[in-house]
Every structure is written in C-alpha cells, then in structure tokens.
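K.L.:
coordinates only, sequence not included:
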C-alpha cells in the first residue's frame with residue numbers, strides 16, 4: 001500500500017463507506033438521516049459529528065439542535081447506548 005493508494009486493500013461497499021467518510025454530512029435533517037443510513041447499511045454503528053471551526057456559534061447551536069431533534073431519533077431508537085452494553089457485557 002502506498003501513500004497515494006491508502007484505501008487500495010478495501011473492496012466493495014467497505015471501500016465506498018471509507019470514501020464517504022471523507023465527505024461531510026450536509027443538507028436538511030431528512031438528507032442527513034439518509035446519508036447516515038448509508039453508513040449503517042455497510043455496518044457502521046457509530047458516527048462522530050463535528051462542525052467547521054469557522055461556523056458561527058448560532059449556526060453550531062442550530063445544527064446540534066437539528067441533529068438532536070430530527071436525525072438521532074430516526075437513527076437510534078434504542079434507549080441504551082451501545083457502548084454501555086459493551087461495558088456491561090465485559091464486566
């Protein structure tokens with residue numbers, strides 16, 4: 001694997017998922033939910049959201065509110081966090 005081909009060993013849907021991670025999730029809540037579902041369809045079960053450093057405080061708050069109110073409830077319907085289950089099972 002060379003530095004110019006960092007994803008060469010990956011194939012099929014996994015390669016597409018890794019490439020997709022290089023892109024930002026953007027759009028209205030329904031569009032972002034659909035984008036997250038694409039990750040879910042190839043086995044991803046956790047996504048970390050971040051925002052551009054130059055985003056205004058008001059826009060950041062609005063983004064967090066929209067994700068919390070509209071995206072997460074569509075994706076994560078389980079009241080127990082998956083990491084909590086892993087910790088409990090390992091104990």
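P.N.:
Nice, thanks for sending it over. Source: prediction; values computed, not measured. Numbers count the residues shown, from 1 in each chain.
K.L.:
any regions of the protein where pLDDT drops low?
P.N.:
The model of the chain has pLDDT under 70 over residues 1-23.
K.L.:
now do the buried residues in the longest helix along it.
P.N.:
Counting residues, the longest helix found in the chain (DSSP state H) is helix 29-41. Buried residues in helix 29-41, defined by neighbour count with 16 or more other C-beta atoms under 10 Å: 32-33, 35-36, 39. (C-beta placed from N, C-alpha, C; glycine too.)
K.L.:
following it, which helix or strand shows up next?
P.N.:
As assigned by DSSP states H and E, the chain's next helix or strand after helix 29-41 is helix 57-66.
K.L.:
how far does that next one sit from the chain's center?
P.N.:
Distance of helix 57-66 from the chain centroid (C-alpha atoms, centre = their mean, to the nearest Å) equals 17 Å.
K.L.:
ok, and what's touching it?
P.N.:
Identification of contacts with helix 57-66 by C-beta atoms under 8 Å, 6 or more residues apart in numbering yields 29, 51, 55.
K.L.:
how near is the first one to residue 84?
P.N.:
Okay, so that is residue 29. To residue 84, residue 29 is 26 Å away according to C-beta to C-beta, to the nearest Å.
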